[in-house]
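> Kindly return the folded structure for what I paste below:
(2 chains)
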Amino acid sequence: MLNEDRIVLMTKMASYEQGEGRENMSIGRYFRGDYIALRLLRAFLSGTIAFVLGFGLYILYDFEEFMADIYKMDLLTFAQNVLIWYVVFVVIYCVAVYIISAYRYGKAKKSLKCYYHNLKKLENMYRQ
Amino acid sequence: MRNLLEIREKVKLLYSRSEFILIPVLKFMLAFLTICMVNGELGYMGRLDNLGLVLIVSLLCSFLPNGCMILFAAVFSLMHLYELSLEVAVAGLAIYLIMFLLFFRLNSRDSVILIFTVIFLGMRIPYVIPVAVGLLTSPLAAIPVACGIVVYYMLTNISANATTISSMGADEATAKLRLVIDGILGNRAMLVLIVAFVITIVAVYLIRRMSIDYSWSIAMIAGVIIDLVVLLVGDLMYDTNLSLGMAVLGSIVALIAAKILEFFRFCVDYSRTEKVQYEDDEYYYYVKAVPKMSVSAISKTVKHINTQRRSVREADEDEDMTIAPQRVNRSVVTERTGGPRNGQSRPYRGRGSGRSVTISSEPDAPTDDYEEI
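Here you go, the predicted model:
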């Protein structure tokens, strides 16, 4: 005999699993620290590549002038300044990624808690 | 209002029934429009401005994820830029990569918003975007909106300076690059638009999440006003040549669009708001429940139940009868129709509850359809 409540619950859960739930489940596999650390590592790498690209554009923007001044300028101070800019940039970016990742993890866990509660409810329905 | 709600239900029903075909069709149309806009705005590589190719790519986009649409649009634009100048294409590629690495990776789910931003900017109605995004999504969607604004201004700037770029020689490579970068970093109008849109998205989001009556309406009106004020202040500070008439007109269009979105997404009846208060061992609860305005989809069930005219021969075979039975034709018609309107207490909960039963007995009426009972 078909149980209407059970079908409604299963349909809701299947819809969740195929949509929003898929991403949440992939987040839920990690511990909070692991998830955020992985995100920060990726952010560090992509931030570094983006900084290199931006720096390349900066150099190319005034390439003739840069090449004319290269022998006059203190290269060590220049490298130090670039390094400082790089650290500031990557730190700000990583902080932003940390906040977003922590928020997403919390949201996903909350959503998964509701999903697991529904699973338990479904199990009880089968037992009855 | 009731008719509108019925139309909404019909649209929802139609969408849920034909979702599997409707979404690919919409994605196809969006991809086609986007690539046509890129070709129309740039169009330096003649081979790409081919209807067959555009149709094939749009068809691919219709069943691939939304991110692929952006990828194809980016590839098309870069190939056009390459045809114009290698240096410009390199600068374009670097800017796309920076946007992808820094911002787009953070919120790839709302990638389609970037496409909509570029399209709406091209159609000169960009003010719809921040209000709609604030109402429907999270503040993180400000990232694709900002990326979309940058892409649009970069492409229009290159398109406006195409003659200058093509007239430059190979020895002026850095000058070409400078033109593209200055077109982005030195474009005050673009920066003001990004700031205005980001502030508007955040403000609309925060207001519509508030526990106040008519929060969506307040959010959209406040959003439009904030957007206009920031744009005007930006114009005063940086002389961005903002057209006030167009901005006001665009804001009115944004309000209308937002109202339509509200009707489909958040149509509630504040006159029937209920506030309840209770407690358990750990908390006090102050709950405000606002009922949704809805009508059930109209469903008509017509059931014909007829006693078939039985022939004399059949009657003789079935029963041992000496007298032919009288010809009887009886029909029961069960029709499910719209129920009574329930007055003020539940004004939009009428349809689908009424049922009328008509029983008619017409001894000699000729009928064709029979269902024996």
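> can you list the weak-confidence ranges in chain A?
A:1-2 (pLDDT under 70).
> give me the element the residue in the stretch 51-200 of chain B that chain A sits nearest to is part of.
Residue nearest to chain A within the stretch 51-200 of chain B: residue B:101 (4.0 Å; Cβ to the nearest Cβ). For the C-beta atoms, the positions are set from N, CA and C on the backbone; glycine is no exception. Counting by DSSP states H and E, the element that carries residue B:101 is helix B:86-102.
> For that helix, name the packing helices and strands.
Judged by 3 or more Cβ pairs under 8 Å, 6 or more residues apart in numbering or on different chains; DSSP states H and E, helix B:86-102 is in contact with helix A:32-61, helix B:66-84, helix B:142-160, helix B:173-185.
> tell me the contacts of residue 94?
Because you didn't say which chain, this covers chain A. Residue A:94 sits next to A:40, A:43-44, A:47 when contact means Cβ atoms under 8 Å, 6 or more residues apart in numbering or on different chains.
> You answered for a different chain; I wanted chain B.
Residue B:94 makes contact with A:53-54, A:56-57 under the criterion Cβ under 8 Å, 6+ apart.
> run the last query once more with 7 Å
A:53, A:56-57 (Cβ atoms under 7 Å, 6 or more residues apart in numbering or on different chains).
> Using the three-state scheme, assign residue B:212.
Recorded secondary structure, residue B:212: coil (DSSP: H, G, I helix; E, B strand; the rest coil).
> same deal with residue B:287?
Applying three-state DSSP: residue B:287 is strand.
> from memory it sits against residue B:274, does it?
No. Using Cβ atoms under 7 Å, residue B:287 makes no contact with residue B:274, being 8.2 Å away.
> List only buried entries from the contacts of residue A:94.
Taking 16 or more other Cβ atoms under 10 Å in any protein chain shown as the criterion, what is buried in the contacts of residue A:94 is A:40, A:43, A:47.
> For the closest residue to the second one other than its chain neighbours, what is the enclosing helix or strand?
Excluding its sequence neighbours, the residue lying closest to residue A:43 (Cβ to Cβ, 6 or more residues apart in numbering or on different chains) is residue A:97, at 3.9 Å. With secondary structure defined by DSSP H and E, residue A:97 is part of helix A:75-127.
> just the angle between that helix and helix A:32-61, please?
Here helix A:75-127 points in a direction 140 degrees away from that of helix A:32-61 (axes from the mean of the first three to the mean of the last three Cα atoms, to 10 degrees).
> how far is helix A:75-127 from where the chain is centred?
On the basis of Cα atoms, centre = their mean, to the nearest Å, helix A:75-127 sits 5 Å off its chain's mean C-alpha point.
> now the angle between helix B:142-160 and it, please.
Using the same axes, to 10 degrees: helix A:75-127 against helix B:142-160 is 130 degrees.
> Next up, the contacts around residue B:247.
By Cβ under 7 Å, 6+ apart, the contact set of residue B:247 is B:228, B:231.
> run the last query once more with 8 Å
B:127, B:228, B:231-232.
> Next: residue B:194.
Contacts of residue B:194 (Cβ under 8 Å, 6+ apart): B:146, B:149-150.
> Which helix or strand contains residue 7?
In the absence of a named chain, chain A is used. helix A:4-18.
> right idea, wrong chain: chain B
helix B:2-17.
> CA atoms only for that helix - export them in PDB, please.
Provided in PDB are the C-alpha atoms of helix B:2-17 (Å, rounded to 0.1, in the frame of the first residue of the first chain):
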ATOM      1  CA  ARG B   2      -7.600  36.600  -8.000                       C
ATOM      2  CA  ASN B   3      -7.200  36.400 -11.800                       C
ATOM      3  CA  LEU B   4      -3.500  37.300 -11.500                       C
ATOM      4  CA  LEU B   5      -3.100  34.500  -8.900                       C
ATOM      5  CA  GLU B   6      -4.800  32.100 -11.100                       C
ATOM      6  CA  ILE B   7      -2.500  33.100 -14.000                       C
ATOM      7  CA  ARG B   8       0.500  32.600 -11.700                       C
ATOM      8  CA  GLU B   9      -0.700  29.100 -10.700                       C
ATOM      9  CA  LYS B  10      -1.100  28.300 -14.400                       C
ATOM     10  CA  VAL B  11       2.400  29.600 -15.200                       C
ATOM     11  CA  LYS B  12       3.800  27.500 -12.300                       C
ATOM     12  CA  LEU B  13       2.000  24.500 -13.400                       C
ATOM     13  CA  LEU B  14       3.200  24.900 -17.000                       C
ATOM     14  CA  TYR B  15       6.700  25.400 -15.700                       C
ATOM     15  CA  SER B  16       6.700  22.300 -13.500                       C
ATOM     16  CA  ARG B  17       5.200  20.200 -16.300                       C
END
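> Please see if it touches chain A.
No. Helix B:2-17 lies out of reach of chain A by Cβ under 8 Å from any Cβ of the partner chain, never closer than 11.6 Å.
> Next up, the contacts around the residue in the stretch 201-350 of chain B that chain A sits nearest to.
Per Cβ to the nearest Cβ, residue B:205 is where the stretch 201-350 of chain B lies closest to chain A, at 13.8 Å. Residue B:205 sits next to B:134-135, B:137-139, B:219 when contact means Cβ under 8 Å, 6+ apart.
> Export these as CSV, with columns for neighbour count.
Shown next, in CSV, are the contacts of residue B:205 (neighbours: other Cβ atoms under 10 Å in any protein chain shown):
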residue, neighbour count
B:134, 30
B:135, 22
B:137, 18
B:138, 17
B:139, 15
B:219, 24
